[in-house]
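Participant: Give the three-dimensional model of this entry:
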Amino acid sequence: NIKDQLQRLAQDGSAKLFNTMKEPIEELLAEGKSVSMMALALAGYARFMTGVDEQGRLITLLDPLVDTLKDCAERLFLYIEEDKETVNLSHTTDFLEVIFGSKLAQDERLAQQVFEW
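Facilitator: Residues are numbered from 1 along each chain as shown. As a prediction, this is how the structure comes out:
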């Protein structure tokens, strides 16, 4: 069952992303290389953390930071859907800060790439 597999893969996703992506993202940024594919994964996780799938069905979210991440993700995607003119990177950086801390979240190269996906 694909739905079950996705939920198991995403379980404790914030810790998995921190442990597997933080260093590679920092290295790519330090070397001036693209973080586009990393940003795609983070944007997908942010969309998942809204807790609602494309058909409007609720998604069970299993993450120790679920309340904070869900709130950040909802704000990010609510603004994108309702009024693209008022969206700024702060919603993206808020989401990234919960996972990676403020230093990496404040790097506009990463935040912009996540936002664009």
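Participant: what's the next secondary structure element after the helix or strand where Ala39 lies?
Facilitator: Applying DSSP states H and E as the criterion places Ala39 in helix 36-48. Using DSSP H and E, the next helix or strand after helix 36-48 towards the C-terminus is helix 66-82.
Participant: what's the average pLDDT for that following helix?
Facilitator: In this model, helix 66-82 carries a mean pLDDT of 82.
Participant: What are the buried residues along that helix?
Facilitator: Buried residues in helix 66-82, counted by 16 or more other CB atoms under 10 Å: 66, 68-70, 72-77, 79. Every C-beta, even on glycine, is put in place using the N, C-alpha and C of the backbone.
Participant: Distance to Gly13 added to the residues you listed, as CSV?
Facilitator: Shown next, in CSV, are the buried residues of helix 66-82 (distance: CB to CB, whole Å):
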residue, distance to Gly13
Val66, 10
Thr68, 13
Leu69, 8
Lys70, 12
Cys72, 13
Ala73, 11
Glu74, 16
Arg75, 18
Leu76, 16
Phe77, 16
Tyr79, 22
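Participant: Out of those residues, the closest to Asn19 would be?
Facilitator: Among the buried residues of helix 66-82, Leu69 lies closest to Asn19 (CB to CB), at 15.7 Å.
Participant: I'd guessed the closest one sits against Leu96; true?
Facilitator: No - contact between Leu69 and Leu96 fails when scored by CB atoms under 8 Å: they sit 10.4 Å apart.
Participant: before we move on, the earlier item: out of the buried residues of helix 66-82, who's nearest Ala105?
Facilitator: Distance to Ala105, by CB to CB, is smallest for Cys72 among the buried residues of helix 66-82, at 10.5 Å.
Participant: tell me which residues in the helix or strand harbouring Leu28 are buried?
Facilitator: In this structure, Leu28 sits in helix 13-30 according to DSSP H and E. Within helix 13-30, the residues that count as buried by 16+ other CB under 10 Å are 13-14, 17-18, 21, 25-26, 28-29.
Participant: Ok, stretch 29-42 next?
Facilitator: 29, 35, 38-39, 42.
Participant: what's the answer for stretch 96-103, then?
Facilitator: Neighbour-count burial for stretch 96-103, counted by 16+ other CB under 10 Å, picks out 96-100.
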